[in-house]
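>>> need coordinates for the below:
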Amino acid sequence: MNDLEERLRAAFDARARAYEPDPHAWARIMERRPRRRPARWLLAALPVALLTVFVPALLNGGLGRNTAIDPTGIYQQLMKERTPLGKETSVDNPSEGKPLRIWFAKAKLGYPELCVIVERAAAEPYGKCSDLYQGDFSDAWFVGSTLRDGAATAMDWGVARHDVGAVTGVTEDGKEFAGTLRSLDGAPYRIWTVTYPAQETLSKVEIADVKGRNVGWRPRAMISPPTQPALGASMELPEGVSVRPVRSKQGQELTWTRAGAYVFSLTVPPRFGLTQTISHSGVIVGVTRKDVARIEVSVNDGGTMTMETRPDPWNLGVALFAGPSPADTRENGYRVIAYDASGQQIHVDMVGGTDDDPRQVVGEVMTIPGTENSGRPMRVWFSGDNKFCYFGGVVPDDWSSSSTCVESFREGSFGYEETTSYLPEPGVVSYYGPAGEDWESVDAVLFDGRQIRGSFLRGTGAPRPVWHVNVPLGTEVGGFLMKLKDKPVKQVPIYAKDCDGRAARSDATRHTLPAGVTTLLAPNCVAFWELGEVVPSVPGPLPGGKLSDLLDEERPARWIDGYKSWYGYALAGTVKVEATMKNGITATADAAPDPWGQGVALFAAPKPTAKEFTGSNVVLKGYDADGKELWRKGLPPS
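The predicted structure follows:
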């Protein structure tokens, strides 16, 4: 071990920390930003966000400037608390003339990541690791890009499932660029790259399976959302961060990216005080007044990092900075101190970690069984305003920076959340939610037809029980069976996150409906296409069941609106569905028996031209062949 390696190891050991979070941290509601994913109340679809994790080196006690190190040192930093997953590969970087080093890793808490080291022609190398949470619903997706100002050629890269056979980059005007797929022994996914002329920025990648069938596409906006007109060339900052001024509705903004992926946008001048910072996936970026020469960031009980500012080159009158976060800012927050060129302190600001829950916690805070030893237990509780709250879970730091509270109970409703615990291996997925006093059982139904009985827990003083059920990690759940006292068992399907991909891989013929809509029954969902383009799907039957099992007097139809049409299925015998919106606009759709023997009627029609549907404000009515009204219900989209 050489002197540099010894200093690095000593610095890391000095900064390593193992701590129990503030026992009240998970009872705080810091609603400054969106939760990692909203609760699936009434089976809402799941958005997902793409984030990265970077572990910095801190020398000399964490004070002073970052010390430049070579790619080997960066690899050692990144892998200090990670384990390799499979072999690595080296990819030519056309923008720099130097290779990208790419590999998969298992994070400290067990979830998979994609890591990359970027060597640059005129700047220091840097590295980062990105979580792979999109893998539970997408066939392929973007992770990064080498696109930068002045480069003639660029390359976008990402990951794909093993059964993906081709990835093709497509520009806004329809130009196509064939991608390359790489399989690494022992890796959880394949790696894809698409190289293209820098002036031909990609808008999406189209995905084909190993049989050449188109199974969907993913937008490039997932890593780099479209920006407003640029007001100047981008500026390079430490840790691979780039910043560019753009025009926005608020005036001027600075858009920050790292490895081609969007980080955040900050207003100019800073909207709140002298300095504005964002801590994002192990990197802190910010904008401050032009007379600030140095920024010191101290994480509560977690170390300090000092960053020198750089004046903006666009004459906006501000200074910019970027650097690695010295520790996890998610729970504890951090302090920002600004100094002028003489070393005089001119500003102190606290960011996060100080806002208490404004709502009273009612009863005991509970831990979801099965998550106790995961490294970040899932805590749940009820608030004084009758909401169900949760905090924790094994997710990247930026996905769980605050607690989330949702409406805890609505008569006849079934709300659920899920959290994955990778440790101890082999891991489990825990489903949970608030229950009613008359709930007798909740069973998870697996895709193979097996049922796993759930349990109930109730903290001291809690206003109602919490149900929970654990399934082995990697097991697919088709839905739940919910039993209330003196009522029949109710089937609750889970929205199939990869419904489109499953349907696209099917050799079955699609059924044609009005308004240019086609449909196909896929495992656990009903998929739809508008004029050949995939549109949102509708929940399908539980394993071993039928679509008719999901309908009754309380829910006589399941429907959703696509881009230009609305469609779904209703109780058998329905030949026409009428939708009336709150504003009085009415639309009708013809219905006919489904071709799959599922005991329902399928319907589709164009959307009203005056206005789109307004969710729960739509009242649906079903009619039989004689024009008699069979059912009427105010139903939100499924």
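>>> Cys499 touches Trp529, doesn't it?
No: applying Cβ atoms under 8 Å, one finds Cys499 not in contact with Trp529, separated by 11.8 Å. Using the backbone N, CA and C atoms, a C-beta is placed for each residue, glycine as well.
>>> who's more crowded, those two?
Using other Cβ atoms under 10 Å as the criterion, Cys499 and Trp529 rank with Cys499 on top: 25 against 20.
>>> number of nearby residues for the residue nearest to the more buried one when sequence neighbours are not counted?
Leaving aside its sequence neighbours, Cys499 sits nearest to Cys525 (Cβ to Cβ, 6 or more residues apart in numbering; 3.7 Å). When neighbours are defined as other Cβ under 10 Å, Cys525 has 24 of them.
>>> ok, Cys525 to Ile284 distance?
41 Å (Cβ to Cβ, to the nearest Å).
>>> likewise Ala259?
Counting by Cβ to Cβ - Ala259 and Ile284 are separated by 16 Å.
>>> wait, what's in contact with the residue nearest to Cys499?
Cys525 is in contact with Tyr495, Ala496, Cys499, Arg502, Ala503, Ser537, Val538, Pro539, Gly540, counting by Cβ atoms under 8 Å, 6 or more residues apart in numbering.
>>> repeat the analysis, applying 10 Å as the threshold.
Residues in contact with Cys525, defined by Cβ atoms under 10 Å, 6 or more residues apart in numbering, are 478, 493-500, 502-503, 537-541.
>>> in the sheet, who's paired with it?
Ala522, Pro539 (DSSP bridges).
>>> wait, Asp312 sits on Gly232?
Yes: with contact defined as Cβ atoms under 10 Å, Asp312 reaches Gly232; the gap is 8.8 Å.
>>> and those two? Which one has more around it.
Applying other Cβ under 10 Å to Asp312 and Gly232 shows that Asp312 carries more neighbours, namely 19 against 14.
>>> excluding its backbone neighbours, what's nearest the more buried one?
Spatial nearest neighbour of Asp312, excluding adjacent residues (Cβ to Cβ, 6+ apart): Val318 at 5.2 Å.
>>> list the residues that contact the one you found.
So Val318 contacts 245, 252, 254, 266, 268-270, 275-276, 286-290, 292, 309, 311-312 (Cβ under 10 Å, 6+ apart).
>>> distance of the residue nearest to Cys499 relative to Leu473?
Separation of Cys525 from Leu473 (Cβ to Cβ) stands at 22 Å.
>>> confirm Ala503 sits in a helix?
Yes: according to DSSP: H, G, I helix; E, B strand; the rest coil, Ala503 belongs to a helix.
>>> now it: closest residue in space that isn't a chain neighbour?
In this structure, Ala503 finds its nearest non-sequential neighbour in Ala527, 3.5 Å apart by Cβ to Cβ, 6+ apart.
>>> now swap in Ala178 and tell me
Nearest one to Ala178, counting by Cβ to Cβ, 6+ apart, is Thr168 at 5.8 Å.
>>> go ahead and confirm the one you found touches Thr193.
No: using Cβ under 10 Å, Thr168 makes no contact with Thr193, being 11.9 Å away.
>>> any residues in contact with both of the two?
Here Thr168 and Thr193 have Gly179 as joint contacts, going by Cβ under 10 Å, 6+ apart.
>>> give me the more crowded residue out of those two.
For Thr168 versus Thr193, neighbours defined as other Cβ under 10 Å are more numerous around Thr193 (22 against 18).
>>> which strand or helix spans the more buried one?
Under the criterion of DSSP states H and E, Thr193 resides in strand 190-197.
>>> average pLDDT across that strand?
What strand 190-197 shows for mean pLDDT is 97.
>>> helix or strand right after that strand?
strand 202-209.
>>> okay, angle between that following strand and strand 190-197 too, please.
Computed by axes from the mean of the first three to the mean of the last three Cα atoms, to 10 degrees, the angle separating strand 202-209 from strand 190-197 equals 140 degrees.
>>> just the CA trace of strand 202-209, in CSV.
In CSV, the C-alpha atoms belonging to strand 202-209 read as follows (Å, rounded to 0.1, in the frame of the first residue of the first chain):
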residue,chain,number,x,y,z
LEU,A,202,-31.7,11.4,-28.9
SER,A,203,-35.3,11.7,-27.7
LYS,A,204,-35.8,8.1,-26.8
VAL,A,205,-34.6,4.5,-27.2
GLU,A,206,-36.8,1.9,-28.8
ILE,A,207,-36.5,-1.6,-27.3
ALA,A,208,-36.9,-5.0,-29.0
ASP,A,209,-36.8,-8.5,-27.5
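>>> and it, what does it pack onto?
Packed against strand 202-209 by the contact rule (3 or more Cβ pairs under 10 Å, 6 or more residues apart in numbering; DSSP states H and E) you find strand 140-145, strand 153-160, strand 164-171, strand 176-178, strand 190-197, strand 214-219, helix 499-504.
>>> now distance to Ser638 too, for those, in TSV please.
Below are these laid out as TSV (distance: least, Cβ to Cβ, whole Å):
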stretch	distance to Ser638
strand 140-145	25
strand 153-160	29
strand 164-171	28
strand 176-178	35
strand 190-197	33
strand 214-219	20
helix 499-504	12
